[in-house]
Each structure stands twice: as structure tokens, then as C-alpha cells.
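[1] please find the sequence and the predicted model below.
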Amino acid sequence: FEIPVVQGGEVSFYLGDEKKSVRLVRAHLEEDAGKSLHEDFHGLSGIDLNRAGTPLLEIVTEPDIRSSAEAVAYAKELHKIVTWIGICDGNMQEGSFRCDANVSVRPKGDPKLGTRAEIKNLNSFRFVERPIEFEIERQIDLIEAGGKVVQETRLYGPDQGETRSMRGKEEANDYRYFPDPDLLPLVLDDEFIAAARADLPELPEAKKQRFMTQYGLSGYDAAVLTTSRALGDYYEAVVAALEGEPKLCANWVMGDLSGFLNKEGKDITESPVSAARLAGLLRRIQDRTISGKIAKDVFEALWAGADDADAIIEQRGLKQITDTSAIEQVIDAVIAANPEQLAQYRAGKDKLFAFFVGQVMKASRGKANPQQVNELLAEKLKG
């Protein structure tokens, strides 16, 4: 407690478009001795010792957080950092990552912090926000009724949606900290710290900023692609394999790929479509072998287990028609088959242009290059 491994620092995050920072007091290692269980026992408490011997890293912040929404955003950012650098699996249900929230209220404009109550062992982001909201209202109601907030530890009951008193607590010295004679001194020299720093991966915010400058992505796209380290690495592997087109790659990773992953509840690390295979598909959009619409069908086949985009395109005869004379023949046939619509279009009903585009694409079974269809059709319809 008195000589923590880490002192100071801060964690920055975004709440909407606003950047926030929370200062850190310290980070220290604790022995996780066990866990008290109260919910499953009637009139009794159980002790779960499964975590005994597991080191716990406790990170304590300054009182810089001003709302439950900020608390959740901070917790999510911290969760992303510890999973990103590989020191925690982040599983909140199993207790790998959990939060204690200290809540206090004060009259508006009063610089002095109010008496705080600590809510213990919040093990989901949903159960960070709700108990804080309840505790804020409880303390305000108590003060406005003439009462005083007592410094104590409280538990949150999700079924009741309220916090309840667990034990009273005064100051830090109530914990009765004392040196453990069995613990050897911990010495972290400059060489060790330099090696640890060199071993760290590029952190989320740095990767996000690099994606914006190196690949010209928007802040939104860069933020989505750096929600996890594995997703950011996958995206960069696609760009590298395609040797360019970062925006096209971003659209497909965030769009079709993420859509399929979400539908099947898979993580990016479980994707049946590798970065190299996705790049192979995008290469065929890039060189106009297939259209974006046909590419969606090819992607579905890749997801289902097909090995190669080129093989699928060849087997199914999906190559895009880019021969101008061939497209003109299809357009001529469509115009000849729809004289009534042609007359209406030339009389000023411009919306029928989309009808003719649709008919040409249908006649070519989606294979005609859309850009060429639009250009050639515009000329033909003029008469």
C-alpha cells in the first residue's frame, strides 16, 4: 500500500466526441485470497478459494470521474488496454476483471468532496453503471432528508436493483497494513523497465492515430478497427496483402466480415476467412474482374469454406463483363424490349434511368460493369 509498484500516470478515453482523462494514484499487486459468496446460501456465506494464489493488479484512480457514463467509459478503456497487452483475458463473469466504485455527491459548486461509499465487486459494465446511478440517488435523497452519508462498503443486488450495506469503513489505516516478513524486496531497475517498455505492443490510441495518418481513415473507422488488437492486426494484414486500398479494406472488415462474425458470435481470431483470402477477393474488385455486388456472393462462399476467390469466380462464371461492345448489345436489347419506358424517359421522366440500369444488370446476370453500364446507357437513352 505505501510502496506501490506504480505511481501516477493517467488513462485517456472518449465519451462521445469529448476526450477525458482520469489520473491514476497507484497500481499495486495483491494476493487474491478468496471470494465471499452470499447469493447462493440462505442465512450463510460461502468462501470460494479458487483464486487463492492468483496475483491481482489493483489500479486506483483519483476522484476525476463525474458520472456513471464516464465510469463505464474509463473501465472499458482500461479493459481494452489490459487485454490488448495480453496481461488479462478480461473475462468479467469469471472475475478476471472487476471494479469497485467509490461514489460521493456534493452540492453544485462546492469544491469539497462528499463522504464516499464503496460498491464492491462489480463484474459487468452494465453492473458498473446501474449501482452508481442508484447510489447517487440514494445519497442525494439521504442528504436532502437531513441525514448524513456514512463511509462504508456496500454490495449491489442486481435482482433488487439497489445497493445495501456490507460493512462500515473509516480510513485506509482501518485495513491495518503491515509489512509481510515473507515478501522479499522487489527491485525494478532501469534495465528491466527499458526491456518491459520495448516489449510492449503499439497501444490502442497510438494505433488509432497511425491508422488515421498512414491510411487516411476517419476517426470513426480507425476507432472501430482498433477495438481489439487482433482486429487491428487483421486489418493491416489485409492492406499489406492487397498492397493498398486502405478504405476498401476498412469497409469490408467493418462491414461484411464483421456482420458475419456478429451473426455467428465469433471473434476475429475465429474468422474462417483469413486476411490473405479477403485480400484476394478485394483484388478482384480492384481490377474489375467482379463487381462489389458479386463480391458479396464470393465472400459468402469463402465464409462457407471455399479456399480461393479466383477459383470461385472461375467455377461459377462470375467474371465481370467489361467489353464495351458486349455491354452495348445488352443495352440495345433492353431498350428495344421497353419502348414505352423509353418514350416516358425521353419525355422527361428521369427516374426511369434506374429502371433501365436494373434491366441491363438483370440481363447480364449482374456481370456488366456498373460504371460502364451507367455511362453507355446515358448516351444510348439520349437517342
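    Nice, I can see it.

[2] all contacts plus neighbour counts: C-alpha atoms, from now on.
    Will do.

[3] can you map out the strands along the stretch 101-250 of the chain?
    All strands of the stretch 101-250 of the chain, identified by DSSP state E, counting those that start in this stretch, fall at 117-122, 152-157, 162-168.

[4] longest helix anywhere in the protein?
    Counting residues, the longest helix in the chain under DSSP state H turns out to be helix 126-144.

[5] quick check: angle from it to strand 117-122?
    Orientation check (axes from the mean of the first three to the mean of the last three Cα atoms, to 10 degrees): helix 126-144 against strand 117-122 gives 160 degrees.

[6] now do helix 126-144: distance to the chain's middle.
    28 Å (Cα atoms, centre = their mean, to the nearest Å).

[7] could you do stretch 216-223 as well?
    Stretch 216-223 has its C-alpha centroid displaced from the chain centroid by 13 Å (Cα atoms, centre = their mean).

[8] so what's Leu377 up against?
    Neighbour list for Leu377: Ile331, Phe356, Val357 [criterion: Cα atoms under 8 Å, 6 or more residues apart in numbering].

[9] which among the residues you listed gets closest to Glu62?
    Val357 (61.7 Å; Cα to Cα).

[10] OK, contacts around the closest one?
    Applying Cα under 8 Å, 6+ apart, the residues contacting Val357 are Val373, Asn374, Leu377.

[11] hang on, the earlier thing: deepest-packed of the strands of the stretch 101-250 of the chain, please.
    Mean neighbour count (mean count of other Cα atoms under 10 Å) peaks for strand 117-122 among the strands of the stretch 101-250 of the chain, with a mean of 21.

[12] strands paired with that one, and their directions?
    Paired with strand 117-122 in the same sheet, following DSSP bridges, are strand 99-103 (antiparallel), strand 152-157 (parallel).

[13] closest to Arg229 out of those strands?
    Comparison of the strands paired with strand 117-122 against Arg229 by Cα to Cα identifies strand 99-103 as nearest, at 22.6 Å.

[14] so in the chain, which strand runs the longest?
    In terms of residue count, the longest strand belonging to the chain (DSSP state E) is strand 18-32.

[15] can you spell out which helices and strands pack onto that strand?
    Judged by 3 or more Cα pairs under 8 Å, 6 or more residues apart in numbering; DSSP states H and E, strand 18-32 is in contact with strand 6-7, strand 10-15, strand 54-61.

[16] tabulate the ones you listed in CSV, adding columns for mean neighbour count.
    Listed next are those as CSV, based on neighbours: other Cα atoms under 10 Å:
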stretch, mean neighbour count
strand 6-7, 14
strand 10-15, 14
strand 54-61, 15
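
[17] of all the ones you listed, which one is nearest Arg288?
    Closest to Arg288 of the helices and strands packed on strand 18-32 is strand 10-15 (Cα to Cα; 39.5 Å).

[18] distance check, Gly90 against Gly244.
    Distance of Gly90 to Gly244, computed by Cα to Cα, to the nearest Å: 34 Å.

[19] these two: which has the busier surroundings?
    In this view Gly90 and Gly244 are compared by other Cα atoms under 10 Å, and Gly90 has more residues nearby, 19 against 15.
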